[in-house]
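In: One predicted model, sequence on top.
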Amino acid sequence: QVQLQESGPGLVNPSQTLSLTCTVSGVSLTTNGYYWDWIRQPPGKGLEWIGYIVYSGITYFNSSLKSRTSISRDTSKNQFTLQLSSVTPEDTAVYYCARRLGNMGYLESWGQGTLVTRL
């Protein structure tokens, strides 16, 4: 049974870099076929997909956030990390990590989410 847990600061100062880590248990990040996603939901708004890192290490991002976003991983800790630079009030949101099987798969497993507020 896979479990995902987000962690990181709940408050970010203006123009700082938001950094969140997702710790995965129950399956390796490098297991063939799995995609590991970041999604967010601003207060009162819908879900917004941020990007993913694939089991092979390839990354892909939402075009609207691409210039400010990076996703990396530490396979020794089975963690993947989101970094979002130059944060603005519009980046205040609940951030989720999730897993899907394949590029066309649905997001089948989610973390509980963590609220990040830009001060």
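Out: Structure's in. What do you need? Please read these numbers as outputs of a predicted model, since none were measured by experiment.
In: Am I right that Asn78 is in contact with Thr23?
Out: Yes - contact criterion C-beta atoms under 8 Å: Asn78 and Thr23 qualify, at 6.8 Å. Placement of C-beta: from N, CA and C, glycine included.
In: any idea how far Cys97 is from Ser56?
Out: Distance of Cys97 to Ser56, computed by C-beta to C-beta, to the nearest Å: 18 Å.
In: neighbour-wise, which of these two wins?
Out: Shown here are Cys97 and Ser56; by other C-beta atoms under 10 Å, Cys97 has more neighbours (31 against 8).
In: Surely the more buried one is in a strand?
Out: Yes - applying DSSP: H, G, I helix; E, B strand; the rest coil, one finds Cys97 inside a strand.
In: In three-state terms, label the nearest residue to it once chain neighbours are set aside for me.
Out: Leaving aside its chain neighbours, Cys97 sits nearest to Cys22 (3.3 Å; criterion: C-beta to C-beta, 6 or more residues apart in numbering). Secondary structure state of Cys22, per three-state DSSP, is strand.
In: Adjust the sequence numbering to begin at 34 for everything that follows.
Out: Understood, numbering begins at 34; the last thing we discussed is Cys55.
In: pLDDT at the closest residue to Thr63 other than its chain neighbours, what is it?
Out: Leaving out its chain neighbours, the residue that sits closest to Thr63 by C-beta to C-beta, 6+ apart is Tyr88, at 5.3 Å. At Tyr88, the model reports a pLDDT of 96.
In: who's the residue nearest in space to the middle of the chain bridged to?
Out: Taking C-alpha atoms, centre = their mean, the centroid of the chain lies closest to Trp71, which sits 2.6 Å from it. Legend: beta-bridge partners of Trp71 under DSSP bridges are Gly84, Cys130.
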